[in-house]
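# Sequence and predicted structure below; questions after.
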Amino acid sequence: MSRALSLDDLTLAGIALMCGLVAGFLLRLLLRWLGRHASRTRWGGDDMIVDALRTVVPWAAITAGAASAAAVLPLTRTVQHQVNQGLKVLLIFVVTVTAARVIAGLVRAVTNSRSGVAGSATIFVNITRIVVLAIGFLVMLQTLGISIAPLLTALGVGGLAVALALQDTLANLFAGIHILASKTVQPGDYIRLSSGEEGYVEDINWRQTTVRALSNNLVVIPNGQLAKTNMTNFMRPEQQLTILVQVGVGYDSDLEHVERVTMEVVAEVMTDITGAVPEHEPAIRFHTFGDSRIGFTVILGVGEFSDQFRIKHEFVKRLHRRYREEGIRIPAPTRTVALHQGALTIPQQRAGSGEPGEVSSARLD
């Protein structure tokens, strides 16, 4: 210390530190009150701002009180500098963590507000958080007097070695960014891969894409594999689908009557069943003279991929019941086999012949 420590020094330092603590507590109460009012507004940005201030401002007040207390005490210049540096690092750490949370929340809010991008797509949020924390770490090193230029040079050289060692990981990372940026696949889409996996996309993170199958099981697909495979997205360019139901009636049926009855059943199903699209114009197209029936296709509209199973189920039940009521026959496949009585010729070797290749035939009636 530069001089002897007195009771007045301790009293003043205690008062300064206590003022910082009380100010931090009161500011936190004030910001909590502001947060309740901000939650009533439609704009979500004020909630994020108040949440950030609720963390930073009280800590700033406490740090200021600690700095004032250290200034009152008779500390040497070296100790005073170290205390100030430590308080600066503490404040930078609090600001960095808060900024990472707020900016990540803004990125998540932007992805939620944009059409086709879900908040569960954590890859952008995680990258943003890592970048902000890295910048804050470099600022703390610079505040402590540590030169970051050699560190950046070493990171650049070491980054090449890391990139070579983590080729698959980096490939999955950039493939995930490309998938989300191109909007070919977004969380919530129903996809089917050429390898057979299909389901709803739950999340796309830095390494893998998680798909929830209709059986409620999770299928984990590396982003690199997803980017290279052939894929069908059943929700793009639009979510509504057209499904085809194959039907057949007997040759003795009145096709005009069949078409009219089928359209009535279609209209009933489109109105009553959840997931159907009533405004979609259904169609019936006769196309095949089969072995035992005349085949035709019924074209229905559904809201999304998983709705088709319920709609097909109800349509087949109601159509079968209505056909029975109307006397429209749905024939089972039949095949006629005709047996004709005839002669069977069996080759026989000619008796007494010296040629080995000569044969004679006998007729059996």
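Great, that's in hand.
# max-length helix in this protein?
helix 77-113 (DSSP state H).
# Which positions within that helix qualify as buried?
80, 83-84, 87-88, 91-105, 107-108, 111 (16 or more other C-beta atoms under 10 Å). Backbone N, C-alpha and C define where each C-beta goes, glycine included.
# What's the mean pLDDT across that helix?
For helix 77-113, mean pLDDT rounds to 77.
# same thing with stretch 308-323?
Averaging pLDDT along stretch 308-323 gives 91.
# now do stretch 186-201
pLDDT averaged over stretch 186-201 gives 86.
# Distance from that stretch to the middle of the chain?
Distance of stretch 186-201 from its chain centroid, counting by C-alpha atoms, centre = their mean, to the nearest Å, is 9 Å.
# neighbouring contacts of it?
For stretch 186-201, the surrounding residues in contact (C-beta atoms under 8 Å, 6 or more residues apart in numbering) are 116-118, 120-121, 180, 185, 202-204, 209-214, 219, 221, 226, 229-236, 304-306.
# Among the residues you listed, the buried ones, what's the PyMOL command?
Typed into PyMOL, the line below selects the buried ones among the contacts of stretch 186-201, using 16+ other C-beta under 10 Å:
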select buried, resi 117+118+120+121+180+185+202+203+204+209+210+211+219+221+226+231+233+234+235+304+305
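# Grab the nearest non-local neighbour of Thr262.
In space, and not counting its chain neighbours, Thr262 is closest to Ile284: 5.7 Å by C-beta to C-beta, 6 or more residues apart in numbering.
# Parallel or antiparallel, which strands does the strand or helix carrying that neighbour pair with?
Per DSSP states H and E, Ile284 falls inside strand 283-289. Using DSSP bridges, the strands paired with strand 283-289 are strand 294-302 (antiparallel).
# picking that back up, and the residue nearest to Thr262, how many neighbours?
When neighbours are counted by other C-beta atoms under 10 Å, Ile284 registers 17.
# ditto for Ala16
Using other C-beta under 10 Å, Ala16 has 20 other residues around it.
# now for the helix or strand harbouring it, which elements pack on it?
Assigned by DSSP H and E, Ala16 belongs to helix 7-38. Applying 3 or more C-beta pairs under 8 Å, 6 or more residues apart in numbering; DSSP states H and E, we find helix 7-38 packed against helix 45-72.
# how much does the helix it packs on deviate in direction from helix 7-38?
On the basis of axes from the mean of the first three to the mean of the last three C-alpha atoms, to 10 degrees, helix 45-72 is oriented at 180 degrees to helix 7-38.
# Figure out the helix or strand that Ala227 lives in.
For Ala227, the host element (DSSP H and E) is helix 223-228.
# Also Gln239?
For Gln239, there is no host helix or strand (DSSP H and E).
# Next one: it, what pLDDT does it get?
77.
# Give the closest residue to Val269 in space, chain neighbours not counted.
Nearest residue to Val269, sequence neighbours excluded (C-beta to C-beta, 6+ apart): Phe315, at 4.9 Å.
# Wasn't the one you found part of a helix?
Yes - counting by DSSP: H, G, I helix; E, B strand; the rest coil, Phe315 is found in a helix.
# Quick check: buried residues in the helix holding Ala16?
Residues of helix 7-38 classed as buried: 9, 12-13, 16-17, 19-20, 23-24, 27-28, 31, 34-35, 38 (neighbour count, 16+ other C-beta under 10 Å).
# now swap in stretch 309-324 and tell me
311-312, 314-315, 318-319, 323.
# contact partners of it?
Here stretch 309-324 makes contact (C-beta under 8 Å, 6+ apart) with 243, 245, 247, 249, 261-262, 264-266, 268-269, 272-276, 298, 300, 302, 329-330.
# swap in stretch 39-53?
With C-beta under 8 Å, 6+ apart as the test, stretch 39-53 has contacts from 31, 34-35, 38, 98-99, 101-102, 105-106, 109.
# Just send the residues you listed back as TSV, with distance to Thr63 too.
Output for those, formatted as TSV (distance: C-beta to C-beta, whole Å):
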residue	distance to Thr63
Leu31	16
Leu34	21
Gly35	22
Ala38	25
Thr98	14
Ala99	16
Arg101	19
Val102	19
Gly105	24
Leu106	25
Ala109	29
